[in-house]
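Pasted the sequence and its predicted model underneath.
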Amino acid sequence: MKRFLSILLILALVLGMAGCSTNKPPEQKQNKPEEVKLNGTYEGTGIGRGGNIVVELTIADNKISAVKVKEHHETEGLAEAMNIITNAMIATNNLDVDSVSGATLTSAGFKTAVKDAFSKTGVGADTLVKAGSVEIEKRESEYTADVIVIGAGGAGMTAAVAAADNGASVIVIEKMPIQGGNTLISGGEYAAPGNWIQEKEGIEDSAEQFYNDILKGGDNKNDPALVRVLADNALAGATWLKDYIGMDFEDYMLFFGGHSVERSLVPRNATGYEMIHKLTLKLEEKDIPLHKNTSATELIKNQDGRVVGVKAEYDGKTITYNANKSVILATGGFGANIDMRVKYNSAMNEKILSTNTVGSTGDGIVMAENSGVQLVDMEYIQTYPTCDAQSGALLYVGDVRMEGRSILVNKEGRRFVEELERRDVISNAVIEQTGGVSYMFWDESSMKDSGVNVTHEAEYNGLILRKQLVKADTIEEAAAFFDINADELKKTVENYNQYAKDGKDLEFNKRGKLVPFEGGPYYIMVSKPAVHHTMGGVKINTDAQVIDTDGNVIEGLFAAGEITGDIHGTNRLGSDAIADITVFGRIAGENAAK
Ligand code: ADP
């Protein structure tokens with residue numbers, strides 16, 4: 001009788017679960033794993049960085065067979081983390097797999113969604129009999145190529161393509177599971193004097209004017225020779241990205257702080273993904289191997305002091321990469337390494353958040369220093385003035401500022417800085433305000449013109465949900481949300497509108513065209529500064545060759561991107577980094593191939 005009942009029970013369970021897509025938990029929950037035959041498709045939801053992640057989990061004969069993402073709003077590129085986790089779950093038949101480094105929030109949201117889906121089976125996770133392990137890409141203990149590139153951000157991948165185009169065999173090594181570095185999570189804007197949009201709009205600009213802006217922005221602490229190279233080659237770099245790499249650009253520009261004219265090109269969807277994605281495709285087209293999860297640890301020199309290779313760690317093992325010709329350092333900056341920040345600038349302690357990816361730990365700078373490379377400008381660390389007050393992340397909705405369509409006010413309802421000033425000037429001014437935060441204010445017509453709520457919809461919705469941004473019909477209401485002095489804010493807006501009418505900002509002499517606020521609804525977003533860019537790094541010459549502590553060239557070693565110093569002086573202007581990594585990435589690649 002007992003046996004008969006349990007057979008019935010199993011039968012009921014099997015029938016109840018097979019093809020189950022109703023998400024209704026079966027009644028019987030406590031079964032031995034081997035007694036349950038689990039088949040079906042279940043839906044679950046989690047919250048990632050950009051909002052809801054909805055997945056469909058398919059189980060066939062107690063095995064995870066597929067996880068389909070039905071909805072997500074994660075950063076393009078970082079969404080790859082969901083594929084990595086899915087593969088690991090399928091390989092191990094386990095829901096508890098590692099998160100993907102550099103995509104923590106996406107990983108957590110995705111795993112929650114899958115677990116939520118599984119919970120609808122009504123059985124315990126032990127029903128999934130664990131099997132197998134995540135297959136790790138096999139690696140040799142030694143590789144040889146003409147050029148070894150360390151770091152697959154924008155600079156490294158640009159250099160790799162340029163080296164290959166100049167006849168070199170190339171291998172790129174990247175320590176993270178996903179390539180792209182800070183370039184990927186940036187807005188990707190590119191300062192290009194004399195560009196095609198400026199031409200169309202009749203905006204006069206020149207390499208000379210750009211050169212002067214970069215020097216002025218960096219308080220003339222930059223190396224003028226390097227700045228000259230950047231300014232003179234910025235347009236050619238942008239054209240190369242567009243015509244050769246195949247990047248799509250939007251048909252509008254942004255006006256970044258410290259520039260004397262509007263000159264910053266905007267990639268598709270205003271994110272760095274466009275550059276990283278198209279460079280990745282180019283690497284594939286050229287059969288350039290990209291060894292991910294591989295962390296360079298040491299430069300190898302021969303007895304003449306020439307750099308001839310790199311030692312790296314992969315899956316706990318040491319791999320030697322031999323370079324017939326050269327090694328290119330493109331490991332980015334150290335904004336995510338608090339100890340290193342404090343070592344060079346004690347103000348940049350743990351209290352200051354960071355916009356950087358976790359991979360920006362300055363490894364390349366340390367490796368270079370251990371090999372006798374000269375470091376410069378290490379104390380110049382830039383904070384971005386308007387970041388997420390909770391996480392430190394860059395806020396793209398805040399780009400409404402670069403369109404000249406918003407003002408920054410404090411709790412007292414007053415403006416306190418020119419909104420298109422340099423990043424360091426604005427950041428320093430914000431730190432002085434009540435609560436160390438600023439409030440960005442704009443109106444509906446600014447919102448419509450800039451479209452930031454459409455271009456960056458997920459971020460916009462997230463900010464509203466997290467109460468970091470308010471939309472309200474009146475200035476009073478918007479001000480009350482953040483406890484800002486409403487009477488003062490109204491006066492500030494009236495004054496600003498008068499300045500816009502007269503064409504002159506009497507208080508802060510704001511550059512660009514002044515556009516008056518027309519009416520509600522109004523928006524206010526709270527933000528604060530976070531570490532964004534480290535200006536210091538290894539010393540290079542105009543050929544991107546790395547210089548040692550005695551001022552001599554180190555043969556066989558080149559560097560490009562945020563790892564280098566001396567280009568931006570005390571302060572990098574917005575959208576100059578992408579120009580920098582493209583210009584010097586190309587130079588490093590070309591010369592390394594010689
Ligand atoms: P850049 O703008 O100069 O290209 P990014 O931050 O975009 O800088 O890219 C730097 C890349 O270098 C990142 O993808 C980062 O993970 C990678 N990286 C950092 N340290 C190492 C290392 N030790 N070995 C390999 N790659 C590294």
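Yep, it's here. Residues are numbered from 1 along each chain as shown.

give me every residue that touches the spatially most central residue of the chain.
In the chain, the centroid-proximal residue (CA atoms, centre = their mean) is residue 185; its distance is 1.5 Å. Contact analysis of residue 185 by CB atoms under 8 Å, 6 or more residues apart in numbering lists 75, 78, 271, 272, 355, 357, 394. In this view, the C-beta of every residue, glycine as well, is placed from N, C-alpha and C.

Also residue 51?
Contact analysis of residue 51 by CB under 8 Å, 6+ apart lists 73, 458, 461, 462, 465.

Quick check: chain neighbours aside, which residue is closest to the residue in the stretch 101-250 of the chain that the ligand sits nearest to?
Relative to the ligand, the nearest point of the stretch 101-250 of the chain is residue 153 (1.9 Å; CB to the nearest ligand atom). Spatially, and ignoring its direct neighbours in sequence, residue 153 is nearest to residue 181 (3.0 Å; CB to CB, 6 or more residues apart in numbering).

what's the spacing between the one you found and residue 273?
With distances taken as CB to CB, to the nearest Å, residue 181 is found 12 Å from residue 273.

Could you check which of the two is surrounded by more residues?
Neighbours per residue (other CB atoms under 10 Å) separate residue 181 from residue 273, with residue 181 holding more: 32 against 22.

surely the more buried one meets residue 157?
No: the pair residue 181 / residue 157 is not scored as a contact, 9.5 Å apart, by CB atoms under 8 Å.

Could you point out which residue ranges in the chain have low pLDDT?
Regions of the chain meeting the criterion pLDDT under 70 cover residues 1-35.

Return stretch 529-541 as CSV; C-alpha atoms alone will do.
C-alpha atoms of stretch 529-541 as CSV (Å, rounded to 0.1, in the frame of the first residue of the first chain):
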residue,chain,number,x,y,z
PRO,A,529,32.1,63.8,-7.1
ALA,A,530,33.9,60.4,-7.5
VAL,A,531,37.4,59.4,-8.6
HIS,A,532,37.3,59.2,-12.3
HIS,A,533,40.7,59.5,-14.0
THR,A,534,44.3,59.2,-12.9
MET,A,535,46.3,61.7,-14.9
GLY,A,536,49.7,60.3,-13.8
GLY,A,537,51.5,57.2,-15.0
VAL,A,538,54.4,56.1,-17.0
LYS,A,539,56.4,58.6,-19.0
ILE,A,540,56.4,58.2,-22.7
ASN,A,541,57.8,60.2,-25.6
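
before we move on, back to that, of the contacts of residue 51, keep whichever come out buried.
By neighbour count, with 16 or more other CB atoms under 10 Å, the contacts of residue 51 hold 73, 458, 461, 462 as buried.

What about these, which are in helices?
458, 461, 462 (DSSP state H).

I'd like the residues you listed laid out as JSON lines, including distance to residue 382.
JSON lines is the format used below for these (distance: CB to CB, whole Å):
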{"residue": "458", "distance to residue 382": "26"}
{"residue": "461", "distance to residue 382": "29"}
{"residue": "462", "distance to residue 382": "25"}
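
Return the closest of those with respect to the ligand.
Using CB to the nearest ligand atom, residue 458 comes nearest to the ligand of these, at 21.9 Å.

Might one say that the closest one is in contact with residue 50?
Yes: taking CB under 8 Å as the definition, residue 458 is a contact partner of residue 50 at 3.4 Å.

shared neighbours of those two, anything?
What both residue 458 and residue 50 touch, as defined by CB under 8 Å, 6+ apart, is the set 73, 74.

Could you check how far the closest residue in space to residue 320 that isn't next to it in sequence is from residue 330?
Nearest residue to residue 320, sequence neighbours excluded (CB to CB, 6+ apart): residue 142, at 4.7 Å. As judged by CB to CB, residue 142 and residue 330 stand 22 Å apart.

Where does the stretch 201-350 of the chain get nearest to the ligand, residue-wise?
For the stretch 201-350 of the chain, CB to the nearest ligand atom, closest residue to the ligand: residue 332, 2.9 Å.

and that residue, that's in a helix?
No: going by DSSP: H, G, I helix; E, B strand; the rest coil, the assignment for residue 332 is coil, not a helix.

How is the spatially closest residue to it that is not a sequence neighbour assigned, secondary-structure-wise?
Excluding the flanking residues, the one nearest residue 332 by CB to CB, 6+ apart is residue 562, at 4.6 Å. Classification of residue 562 using three-state DSSP returns coil.

I figured residue 562 hits residue 336, correct?
No: contact criterion CB under 8 Å: residue 562 and residue 336 do not qualify, at 11.6 Å.

that older thread, list the contacts of the residue nearest to residue 332.
Applying CB under 8 Å, 6+ apart to residue 562 gives the contacts 153, 155, 182, 332, 333, 360, 533, 534, 537, 577, 581.

just to revisit the earlier point, overlap in contacts of residue 562 and residue 336?
Residues touching both residue 562 and residue 336 (CB under 8 Å, 6+ apart): residue 360.

higher neighbour count, residue 142 and residue 330?
Using other CB under 10 Å, the more surrounded residue of residue 142 and residue 330 is residue 330, with 32 against 11.

just checking, the more buried one touches residue 580?
No: with contact defined as CB under 8 Å, residue 330 does not reach residue 580; the gap is 11.6 Å.

shared neighbours, the two?
Common neighbours of residue 330 and residue 580, using CB under 8 Å, 6+ apart, are 155, 561.

Please enumerate the helices of the stretch 351-500 of the chain.
For the stretch 351-500 of the chain, applying DSSP state H, counting those that start in this stretch gives helices covering 363-370, 423-432, 444-450, 452-455, 457-465, 475-481, 486-502.

Could you give the separation of the first one from the chain centroid?
Its chain's average C-alpha position is 22 Å from that of helix 363-370, according to CA atoms, centre = their mean, to the nearest Å.

Residue 324: which element?
strand 317-329 (DSSP states H and E).

Just checking, which helix or strand succeeds that strand along the chain?
Past strand 317-329, the next helix or strand by DSSP H and E is helix 338-344.

Next, the residues that contact that following helix from outside, please.
Contacts for helix 338-344 (CB under 8 Å, 6+ apart): 334-335, 348-350, 361-362, 365-366, 378-379, 381, 531, 534, 536.

what do you get if the cut-off is 10 Å, keeping everything else the same?
With CB atoms under 10 Å, 6 or more residues apart in numbering as the test, helix 338-344 has contacts from 333-335, 337, 347-352, 354, 360-363, 365-366, 375, 377-381, 531, 534, 536.
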